[in-house]
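1. coordinates for the following, if possible.
(one chain, ligands or ions: 2)
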Amino acid sequence: MKRGFADGKAPTASMTDAAVLSIRNASKTFGQRRALDGVSLDVRKGEMIALIGPSGSGKSTLLRSISALQTIDPGPGEIVAFDTPVQKDGRIDKGVRKTRTRIGMIFQQFNLVGRLSLFTNVALGSLGRIGFWRAALGLWPAETQQAAMAALHRFGLAEYAAQRANTLSGGQQQRAAIGRALVQKAKIILADEPVASLDPVSARRVMEILRELNTADGLTVIVTLHQVDYALRYCERVVALKAGKVVYDGPAAGLARAQLIDIYGPEFEDVFWEGAPT
Ligand code: ADP
Ligand code: MG
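-> Numbers count the residues shown, from 1 in each chain. Ligands and ions are numbered 1, 2, ... in the order given. Next comes the predicted model:
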């Protein structure tokens, strides 16, 4: 696909060896509304991509479709992760469970179980491997215990391991949610507005952690961000959606003010900040 503004032509690039994720012509209709309108996207291993666009442009719908939390419309649309189909022609693939264990989701509201300890929440990342009853009884394998403690240490949370998740700050909870994805052994992190509910200091810390998982651990990260300045600061590649269509796919540095105004329309005043592109 041509870099820069989408030129409307069908992408011709086939999935390269290093591609971990391929979205082909994905559409999603809710009633009369097209949340996704022919989205195609190839993601290579080790990329860190900011998915931006005004509210309602389809960002969450795209991430949910990739993680098989919802189907795309029947038709030619297809989503493939790790060379394995996630969904096709409006149906989730039967083998998706295994693929899903390699995709970690991070949400704006952290999605921890509030009354469980931080340790248990992080250890729950292993659920896909160890089975429900073992987890329910807290019979964590040594490997899970070690991975959970390592993640808590790494993100500065070790001292809160035994504390109920809902007694911790938003930033701490979000770091624990990322720890859970590490214990899950996710290779792709899909983070949907992970910093939207955080104060600026906690938000930066979470962005830095995502960046570190990308650069140091080689994880592929797709992060939706309302704050365009974060997108430009932490991600090399930016994909912008507008009304369910990809309207920009290219280097963060290539996004000019005029394009941002065009992408965001009436919301554009929200997206400018000190040092914004001129
Ligand atoms: P974004 O994350 O960019 O704000 P969404 O993907 O949440 O956008 O939503 C895209 C469009 O699809 C919006 O118009 C939204 O109202 C609609 N939509 C999303 N989920 C649903 C749903 N479950 N039912 C009906 N409409 C939905
Ligand atoms: Mg959203």
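2. when you work out contacts or count neighbours from here on, use the C-alpha atoms and nothing else.
-> OK.
3. the residue of the stretch 101-250 of the chain found nearest ligand 1: what's its closest spatial neighbour, skipping adjacent residues?
-> In the stretch 101-250 of the chain, the residue that lies nearest ligand 1 is G244 (7.1 Å; CA to the nearest ligand atom). Leaving aside its chain neighbours, G244 sits nearest to L36 (3.9 Å; criterion: CA to CA, 6 or more residues apart in numbering).
4. surely that neighbour is in a strand?
-> Yes. Read with DSSP: H, G, I helix; E, B strand; the rest coil, L36 is one of the residues of a strand.
5. surely F119 touches M149?
-> Yes. With contacts counted by CA atoms under 8 Å, F119 reaches M149, the gap being 7.3 Å.
6. what touches both of those two?
-> By CA atoms under 8 Å, 6 or more residues apart in numbering, F119 and M149 have these common neighbours: A161.
7. quick test: name the residue nearest the centre of the protein.
-> Geometric centre of the chain, nearest residue: L190, 1.7 Å, by CA atoms, centre = their mean.
8. who in the stretch 51-200 of the chain is up against ligand 1?
-> Neighbours of ligand 1 within the stretch 51-200 of the chain, by CA under 6 Å from any ligand atom: S55, G56, S57, G58, K59, S60, T61.
9. tally of neighbours for E159?
-> Residues lying near E159 (other CA atoms under 10 Å) number 10.
10. leaving out chain neighbours, which residue sits closest to S197?
-> Per CA to CA, 6+ apart, closest to S197 is Q108, 6.4 Å.
11. and the pLDDT for the one you found?
-> You'll see Q108 listed with a pLDDT of 96.
12. residues contacting it?
-> Per CA under 8 Å, 6+ apart, neighbours of Q108: D192, E193, P194, V195, A196, S197.
13. would you format those as JSON lines with neighbour count included?
-> What follows is the contacts of Q108, written out as JSON lines (neighbours: other CA atoms under 10 Å):
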{"residue": "D192", "neighbour count": "25"}
{"residue": "E193", "neighbour count": "20"}
{"residue": "P194", "neighbour count": "27"}
{"residue": "V195", "neighbour count": "28"}
{"residue": "A196", "neighbour count": "16"}
{"residue": "S197", "neighbour count": "15"}
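14. of these, closest to S40?
-> Comparing these against S40 with CA to CA places D192 closest, at 18.8 Å.
15. look up how far N111 lies from the closest one.
-> Distance, D192 to N111, by CA to CA, to the nearest Å: 12 Å.
16. how many other residues sit next to S22?
-> For S22, using other CA under 10 Å, the count is 24.
17. can you offset everything so residue one is 10?
-> With the count now opening at 10, the last piece we talked about shows up as S31.
18. separation between it and S74?
-> Noted for S31: a distance of 12 Å to S74, by CA to CA.
19. equivalent analysis for A186, please.
-> 20 Å.
20. in which helix or strand would I find L241?
-> helix 237-243 (DSSP states H and E).
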